[in-house]
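Asks: Build me a model from this:
(2 chains)
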Amino acid sequence: MRAYVSIFRMRLLNGLQYRIAALAGVATQFFWGFILIMVYEAFYLNAGKAQPISMEQLVSYIWLQQAFLVFVILWYRDGEIFSLITGGNISYELCRPCTLYGFWYAKLIAQRLSGALLRCSPILLVAFILPQSYRMSFPPGPDAFILFVITLLLGLLVLVAISMFIYISVFITMSPAGSLLIFGVFGEFFAGKVIPVPLMPSWLKRIAYLLPFRLASDLPFRVYSGNISGNEALAGIVTQVAWLVVLVILGKIALDKVLKRVVVQGG
Amino acid sequence: MITVEGLYKTFKVSKRSPGLISAARSLFFREYIEIEALKDVSFKIDEGEIIGYIGPNGAGKSTTIKVMSGILLPDRGSCSIMNRTPWEERVEHVKNIGVVFGQRSQLWWDVPVIDSFELLRDIYKIPGIEYRKNIAMLTDTLDLGSFINNPVRQLSLGQRMRCEIAASLLHNPKILFLDEPTIGLDAVSKIAVRKFIKRINAEKKVTVILTTHDMNDIEALADRILLIGRGRILYDGDISGLRNRFGTNKTVTIDYDESSRKPQIEGTDLLSWSPERAVLFVDTQKTSVSRVITALTNQYELLDVTVENPPVDEIIAKLYKEYEI
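Replies: Predicted coordinates:
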């Protein structure tokens, strides 16, 4: 266990080094946040009937999405693992008395966490002091906030378990481009990054609810804004745990299988 | 300590003739050729030995190392290292071994070397006292002190390689696999690395298996040589055995008072000649060294004579040629 904690800490410290990248990220996220809010503002002004999520809730949803972008996007990757696999340095990882799955899992969580830690506070800070219609609101109560933190962290675990499959697929394809694109487009769409899940037509919403992608972002963000509360939030947590277990077991089996046929060429 | 028996491993390599048409064809019909990397490889290694594992490129050296370190699953055969089969009990097995792949790196690129070491400490669960003792010993003997706090990306190749070797020994492994540890190193670093290997072998009884193309490494370190070619073990024995078999020739270098005549002695070839110095290649199956020197003494006013064994490199090249590998 100490090994996994150690690799986690190492990756976290390593990730916190990249301040300029984070700064550039923050600027981009602000830009995106404003544009999205403007678009939805126009949409809400002209929408006839009441929408399944209020404008105020949506603003919080969007800012959270921007602040915790690295918890949403599947293409946020660890290039090191890819080059380990394609370049052959995986040899060393296999010479360690650890399970590769746990090792990478700890590393990937740390990577996303460090990315989020650097990016979220400036975005959230500013989002709270913006003029009225762009301002992010507080959660409806302390219970909603606690549930938000729980769902957010569990969501991160689920997301990393999903992203493990991208890395596993590289053992077979030897190039991350394809998997990243497919997982990225498909996963992010059903996570509500393109259209927030509550605004999807009901048939599409049903599909999104069947898939695990929304558990990392849509669920915690709506818990925060009060769009999902009480029993529905608790049910969400159960779903998260169930998916987590399934994904980790499947991931471990898949990784074991590809490792059996791995051939490190040359030198 | 290590018993390898009847290892076989075949790789499938896709091939394609050059050109657009065959590229298009290969979209539908893939052609594979099978390469037999290991064919019935067997050997035994005892505790405390230093083995030089040599062979030309693509002979199967690295493949054997990978099988022994549990990374690669062989098609057939058995391998027992400290009574474990590496690929079956990988996690337990790797606690006993240290590996250096000369062409790869196990250190974290962006952080100081010492951070990578600390990570390894946690991964291998090395107790604090033992870790500090090992770090002190490794820093001292490998001379890491001046750059152990630098990020790996700022190290020279020689410095990095010394750190790699240190990293693979932090957990006191019983067996050390070194896959081309001196590749690309300068003379000073090479000597430092060799000295160090000798020392840990003597002091800690670490069994070392070393693959290299640098025959000086082998000469300086290995008690025993395993020669592999085309996936088979071709020679298993010590260096002098190799010499007796293939190194029956000598070179004789003479310095003499200026003279314009070139030496012509039966059973020898003139390798180089100048008015003051000549180098002769002596085929000891046709003539003897003493006969050659006598002949030379009669012809020249000799100032100096040197008799040398041919370099190991030449012996190996000859060996490869003889086995057509």
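
Asks: Low-confidence ranges, the chain, go.
Replies: Went with chain A since none was named. Along chain A, the model assigns pLDDT under 70 to residues A:263-267.

Asks: oops, chain B please
Replies: Regions of chain B meeting the criterion pLDDT under 70 cover residues B:246-248, B:311-312, B:325.

Asks: longest helix in it, by residue count?
Replies: helix B:187-204 (DSSP state H).

Asks: tell me which residues in that one are buried?
Replies: If you call a residue buried by 16 or more other Cβ atoms under 10 Å in any protein chain shown, then helix B:187-204 has these buried ones: B:189-190, B:192-194, B:196-197, B:200-201. Every C-beta, even on glycine, is put in place using the N, C-alpha and C of the backbone.

Asks: restrict these to those near chain A?
Replies: The subset of the buried residues of helix B:187-204 within reach of chain A, by Cβ under 8 Å from any Cβ of the partner chain, is empty.

Asks: For those residues, work out which two are farthest apart.
Replies: Comparing every pair within the buried residues of helix B:187-204 by Cβ to Cβ identifies B:189 and B:201 as the most remote, at 18.6 Å.

Asks: Report the separation between the two terminal residues of stretch B:146-157.
Replies: Start and end residues of stretch B:146-157 are separated by 15 Å (Cα to Cα, to the nearest Å).

Asks: Show residues contacting that stretch.
Replies: The set of residues external to stretch B:146-157 that reach it, using Cβ atoms under 8 Å, 6 or more residues apart in numbering or on different chains, is B:105, B:107-114, B:116, B:139, B:159-160, B:163, B:184-185, B:189.

Asks: Summarise which helices and strands the longest helix of chain B is packed against.
Replies: Identification of packing neighbours for helix B:187-204 by 3 or more Cβ pairs under 8 Å, 6 or more residues apart in numbering or on different chains; DSSP states H and E yields strand B:50-54, helix B:128-142, helix B:157-167, strand B:175-179, strand B:207-211, helix B:215-221.

Asks: Export it to CSV, keeping only CA atoms.
Replies: Written as CSV, here are the backbone C-alpha positions of helix B:187-204 (Å, rounded to 0.1, in the frame of the first residue of the first chain):
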residue,chain,number,x,y,z
ALA,B,187,36.4,5.1,-20.3
VAL,B,188,36.2,6.5,-16.8
SER,B,189,32.6,5.6,-16.3
LYS,B,190,33.1,2.2,-17.7
ILE,B,191,35.9,1.5,-15.3
ALA,B,192,33.9,2.8,-12.4
VAL,B,193,31.0,0.6,-13.3
ARG,B,194,33.2,-2.5,-13.7
LYS,B,195,34.9,-1.9,-10.4
PHE,B,196,31.6,-1.6,-8.7
ILE,B,197,30.2,-4.8,-10.2
LYS,B,198,33.3,-6.6,-9.0
ARG,B,199,32.9,-5.2,-5.5
ILE,B,200,29.3,-6.0,-4.9
ASN,B,201,29.9,-9.5,-6.3
ALA,B,202,32.8,-10.0,-3.8
GLU,B,203,31.2,-8.3,-0.8
LYS,B,204,27.5,-9.2,-1.1
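
Asks: quick one, it and strand B:207-211 angle?
Replies: 150 degrees (axes from the mean of the first three to the mean of the last three Cα atoms, to 10 degrees).

Asks: Other residues contacting helix B:187-204?
Replies: The contact list for helix B:187-204 (Cβ under 8 Å, 6+ apart) reads B:48, B:50, B:141-143, B:157-159, B:161-162, B:165, B:169, B:172, B:176, B:178, B:181-182, B:185, B:206-208, B:210, B:214, B:216-217, B:220-221.

Asks: Got a quick ChimeraX command for the buried subset of those residues?
Replies: In ChimeraX syntax, the buried subset of those is picked out as below (16+ other Cβ under 10 Å):
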select /B:50,141,142,158,159,161,162,165,169,172,176,178,181,182,185,206,207,208,210,214,216,217,220,221
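
Asks: now the residue of the stretch 101-250 of chain A found nearest chain B: how far from residue B:285?
Replies: With Cβ to the nearest Cβ as the measure, residue A:103 is the residue of the stretch 101-250 of chain A nearest to chain B, at 8.3 Å. Counting by Cβ to Cβ, to the nearest Å, the separation of residue A:103 from residue B:285 is 59 Å.

Asks: more crowded one of these two?
Replies: Set side by side, residue A:103 and residue B:285 show unequal neighbour counts under other Cβ atoms under 10 Å in any protein chain shown, the larger going to residue A:103 at 18 against 9.

Asks: sorry, back to before: just put the buried residues of helix B:187-204 in TSV and tack on distance to residue B:296.
Replies: TSV is the format used below for those (distance: Cβ to Cβ, whole Å):
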residue	distance to residue B:296
B:189	40
B:190	36
B:192	41
B:193	40
B:194	36
B:196	43
B:197	41
B:200	46
B:201	43
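
Asks: Right, I'll leave it there.
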